[in-house]
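Peer 1: give me the fold of what follows.
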Amino acid sequence: MPAATRRRRLALLPLLVLLAVGLAPSEARAAAGLTLSVSPTTQTIGRGEATTISVTVKGSGGFSGAVSLSSSAAASSGLSGSFSPASVTLAGNGTARTTLTVSASSTAPFATSALTVRATGRAVTAATNLSIGVVPGDFSLALSPSARTVQGTQPTTYQATLTPVHGFAGTVRLQVSGLPSGATASFSPATLTLQPTAAGTSVLTVAAGAGTPRSTSTLTVTAAGGGVTHSGAVSFTVSTAAGITVAAPSRLDVQRGRSVTGTISVTRNGFSGPVSLTLSGLPAGVTGSLTPAPLPVGATSATLTLSAGGSATIGTFPVTVTATVPSGSTSSALTGRATVTLVVDVPAVPFTVTGPEAPITTLTPGGTAPLNLRLSNPSGSAITITSLTVAISGVAKAATAPAGTCPASDFGVVAAPPSAYPLTLQAGASATLAQLGLPQASWPRLTMLNDPARNQDGCKRARIDLAFGGAASGGIK
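Peer 2: Next comes the predicted model:
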């Protein structure tokens, strides 16, 4: 047989063997393998935060068996990863998914780093990289609604919501610009202290003045704090349509058995007819009246009188004054409202609290000093004391004390336990806690912090100034 013919037959022999066992040539050559994919491939997080990545493992070349997952990043990146689950099992050429949680330490540098994801099984390894950026804390600003229309000088409100992003914490100040001539605006509150997991809201109140032109203005709200500034815009339109505006005191305080008055002002815009006035939201035991009501033509104010009975409900309540004009007086019915914060309380009971007769200058780190307070009742009848308060108002370092500071934060006050109350003090009496029979263990106590990491010699013989207060019932109303 010629040599060339023998060589051709030998070259065909592997193909004949493969066909005999039912395999295509490409299948025989493919080695078992793994492929990895991640989603998303880039992500940003803040210090102390974590994010999740979806990881998909796929077998090829007939691969089957257990696959373990791992991740790694440069130690200086402050990044770490964990899988759930940390291993998966693939059927032949199968697919499995797991979740990678990537965390940034509280000291991770602000930078973008690579994090490598690996899948290993049956001596086969696949790897891919993620791009993780650690960014400073931030916040978002959302304004709602995007537009308001007012009639005349009637105020309107918008809500500003600040949402921390990437662990932002700090104080943010709110400001508004772009007001039309004569208009006023205020935030409540004007500053928000944000925590990493809680959004903050502020209400922006805008009112046109009597000379504000009828037009539409774009108001820009700016929030700035912690090195971050964001702004947003809302629309403010002053309409020429008829309207009614009500103004009331922001707060009125009344004690049981007494009355309080305030002035309700009504501004008519585009009409001159009478205005009906009503009250709503009064708590139990409180009655109210508006004089005159209805408000006649030409009148612009009424007197609000609120009277609390002897058993009126104690607390803080929003009371609404509503002004209405029927559609017969204008082209459509008009309504204006104002809210008064009503605070109902019991009459104050006068009594005084004074501290120990000798100043406290002998506290040592970790030590306590009981406070034998003196209580005085100038009232003509007995009173029942239900609470006592003690606060540190100042610390004066002794002139002879060693060098070093003595901050007020080195000291604290432990309040008297609830079991110490009530205390009864007779009319015109003055007595110490000891004289009232209260055991020393139930007196308020002044304490000094023991800080082994700091030299506290600067507090030797320091004078601690205290402020006192409390609450009582009874006495002369």
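Peer 1: which residues of the stretch 151-300 of the chain score low on pLDDT?
Peer 2: In the predicted model of the stretch 151-300 of the chain, residues 152, 240-242, 270-271 satisfy pLDDT under 70.
Peer 1: so where do the strands sit in it?
Peer 2: Counting by DSSP state E, counting those that start in this stretch, the segments of the stretch 151-300 of the chain that form strands are 156-165, 170-177, 184-188, 191-194, 200-207, 216-225, 228-239, 243-247, 251-255, 259-269, 276-280, 286-291.
Peer 1: mind putting the ones you listed in CSV, distance to residue 307 and mean neighbour count included?
Peer 2: Backbone N, C-alpha and C define where each C-beta goes, glycine included. Below are those laid out as CSV (distance: least, CB to CB, whole Å; neighbours: other CB atoms under 10 Å):
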stretch, distance to residue 307, mean neighbour count
strand 156-165, 31, 18
strand 170-177, 39, 16
strand 184-188, 29, 15
strand 191-194, 38, 17
strand 200-207, 30, 18
strand 216-225, 41, 17
strand 228-239, 38, 17
strand 243-247, 21, 21
strand 251-255, 8, 15
strand 259-269, 4, 17
strand 276-280, 12, 16
strand 286-291, 5, 16
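Peer 1: residues touching residue 190, list them.
Peer 2: By CB atoms under 8 Å, 6 or more residues apart in numbering, residue 190 lies in contact with 173, 174, 202.
Peer 1: nope, residue 407 is what I was after
Peer 2: Neighbouring residues of residue 407 by CB under 8 Å, 6+ apart: residue 395.
Peer 1: I'd like the distance between it and residue 51.
Peer 2: Distance, residue 407 to residue 51, by CB to CB, to the nearest Å: 41 Å.
Peer 1: next: residue 174.
Peer 2: Distance, residue 174 to residue 51, using CB to CB: 30 Å.
Peer 1: so residue 400 sits right up against residue 457, yeah?
Peer 2: No - with contact defined as CB atoms under 8 Å, residue 400 does not reach residue 457; the gap is 11.3 Å.
Peer 1: ok, these two, which is more surrounded?
Peer 2: A direct count of neighbours by other CB atoms under 10 Å for residue 400 and residue 457 places residue 457 higher, at 12 against 7.
Peer 1: so which of the strands of the stretch 151-300 of the chain gets nearest residue 314?
Peer 2: Closest to residue 314 of the strands of the stretch 151-300 of the chain is strand 251-255 (CB to CB; 9.7 Å).
Peer 1: what's the first-to-last distance across stretch 371-386?
Peer 2: In terms of CA to CA, to the nearest Å, the two terminal residues of stretch 371-386 are separated by 17 Å.
Peer 1: run the chain-centre distance for that stretch.
Peer 2: Centroid displacement of stretch 371-386 relative to its chain, using CA atoms, centre = their mean, to the nearest Å, is 40 Å.
Peer 1: may I see the buried residues of that stretch?
Peer 2: By neighbour count on 16 or more other CB atoms under 10 Å, the buried set for stretch 371-386 is 371, 372, 373, 374, 375, 377, 379, 383, 385.
Peer 1: could you do stretch 464-471 as well?
Peer 2: Buried residues in stretch 464-471 (16+ other CB under 10 Å): 464, 466, 468, 470.
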